[in-house]
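Peer 1: take this sequence and fold it.
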Amino acid sequence: MSNPKPSTDVLVIGGGMAGLAGALALRGNGAEVTLLERAPEFGEVGAGLQMAPNASRVLKRWGLLDKALEIGVRPKHLVFRDAVTGEELTRQSLGGSFEERYGAPYVVIHRSDLHRILLEACRDAGVRLVNDVAVEAVRTADGRATALAADGSTWEADVVLGADGLKSTLRREVAQDGAVSSSGLVPSSYVAYRGTVPITADTPRGDLEDVIVYLGPDCHLVQYPLRKGELLNTVAVFKSASFERGEEQYGGVDELEAAYRDCVPAVREALKNLATGIRWPMYDRDPIENWVAGRMVLMGDAAHPMLQYLAQGACQALEDAAVLEEASLGTVFTEDGADPDAWDAAIRAFNSARGARTARVQRTARVWGESWHVSGLARTLRNLLFKSRKDGDFQYNDWLYGQDGDGVPAAAAPADRVRVPA
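Peer 2: Modelled structure (predicted):
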């Protein structure tokens, strides 16, 4: 090891899920971590999210799973239904053998709650959190990275984590994918409306312990409980003619209502739960192999934005952080101290470990979404395939949730691993 030091400087760009997770992971290894967020305050917009076992295992390793369970919900089943007939197509029990097989529970949680848990953990760990800094570029020279901000300030570190999201500014440092569109974003033709409403005595009780997905032609609807069963989360996704014309927002709800006119009453009634003042156009990007430019490496949506059909966006961000944590142990962080020169090898190893997996998730999410929205004969065949699957059949889950598929050692506990004094 060359020039052992007590620590190494890490700069994280972006205060979303990926940035906070990356900051927490490397701070746990002993790095001095500064996180820059362009917004004046930290926060997360949106509604609920699903944390599959590949993500909750990461929280478990970091000692944060209990906090997530205190505010989240452990659904009993994941249920798919036909939105036109209401017929149940398949279900997956999420406790018992499912939890044993994957080493952690399936949890649904409000995005803002998970964000707050990670933010508080970063504060408690001593991550330096800085707001109102918009980083526009990162340059590498003499083994150090320098982030250049819009206000003229510069920030130096041994390595930079570019976690600035779907519309990443830093992605252009590693990929010229603007040829797909002016921004590099790939529009999906689909938009989402979301909403959370209090669960009351009038709320239909039958589905309040499960994640329910209704599949319809060119549309679907998802419902599940949040906040220990106090809130009902609803997401309606449909193919939008106005979005296909290039309109991200749309005045009125006629397009929304028309998309679900042939669905069962339970689905049409659920549309009343949505906040219709804003909708969420659905984009992803084509996978890229290289996430590294000098001493900067992308992670999270900046590296691999994906459509939401597999509910893996936040999950893959947590996986990123855990794999980078492991890739830098024994290389950058050792029992003798920190070796900043080893960052080049560590971030390349991280990129190599994550690139193929996240590309598979991105591509599978596209195909999975297409199968949800089919009509005619394709819908009939889709329903027959779903109904042929039996509860407890894990063949379609193992690659995504399995303890060997994500590169995250499920058994490794923080106490078992090398810690460099901060």
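Peer 1: could you use CA atoms for every contact and neighbour count after this?
Peer 2: Will do.
Peer 1: report pLDDT for Gly337.
Peer 2: Confidence at Gly337, expressed as pLDDT, is 91.
Peer 1: that one contacts Thr8, correct?
Peer 2: No: with contact taken as C-alpha atoms under 8 Å, Gly337 and Thr8 are classed as non-touching, separated by 9.2 Å.
Peer 1: the residue lying closest to Val237 once chain neighbours are set aside: neighbour count?
Peer 2: On the basis of C-alpha to C-alpha, 6 or more residues apart in numbering, the spatially nearest residue to Val237 that is not a chain neighbour turns out to be Ala192, at 4.3 Å. Using other C-alpha atoms under 10 Å, Ala192 is surrounded by 21 other residues.
Peer 1: element containing Ala192?
Peer 2: For Ala192, the enclosing helix or strand under DSSP states H and E is strand 186-198.
Peer 1: and for Leu119?
Peer 2: Under the criterion DSSP H and E, the helix or strand holding Leu119 is helix 111-125.
Peer 1: C-terminal to that helix, what's the next element?
Peer 2: Past helix 111-125, heading to the C-terminal end, the next element that is a helix or strand (DSSP H and E) is strand 128-131.
Peer 1: could you dump stretch 29-41 to PDB, C-alpha only?
Peer 2: Output of stretch 29-41 as PDB, limited to C-alpha atoms (Å, rounded to 0.1, in the frame of the first residue of the first chain):
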ATOM      1  CA  ASN A  29     -15.700   2.600   6.000                       C
ATOM      2  CA  GLY A  30     -13.900   5.600   7.500                       C
ATOM      3  CA  ALA A  31     -13.900   8.200   4.800                       C
ATOM      4  CA  GLU A  32     -14.300  11.900   5.400                       C
ATOM      5  CA  VAL A  33     -17.500  12.500   3.400                       C
ATOM      6  CA  THR A  34     -19.000  15.700   2.100                       C
ATOM      7  CA  LEU A  35     -22.400  15.600   0.300                       C
ATOM      8  CA  LEU A  36     -23.500  18.500  -1.900                       C
ATOM      9  CA  GLU A  37     -27.200  19.000  -2.800                       C
ATOM     10  CA  ARG A  38     -28.400  21.600  -5.200                       C
ATOM     11  CA  ALA A  39     -31.800  22.200  -3.500                       C
ATOM     12  CA  PRO A  40     -31.900  24.600  -0.500                       C
ATOM     13  CA  GLU A  41     -33.300  21.900   1.700                       C
END
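Peer 1: which residues touch stretch 65-82?
Peer 2: Applying C-alpha atoms under 8 Å, 6 or more residues apart in numbering, the set of residues contacting stretch 65-82 from outside is 56-57, 59-60, 87-95, 105-110, 113-114, 117, 209-216, 224-229, 383.
Peer 1: before we move on, what SS does the closest residue to Asn383 other than its chain neighbours have?
Peer 2: Leaving out its chain neighbours, the residue that sits closest to Asn383 by C-alpha to C-alpha, 6+ apart is Leu89, at 6.2 Å. Following DSSP: H, G, I helix; E, B strand; the rest coil, the label given to Leu89 is strand.
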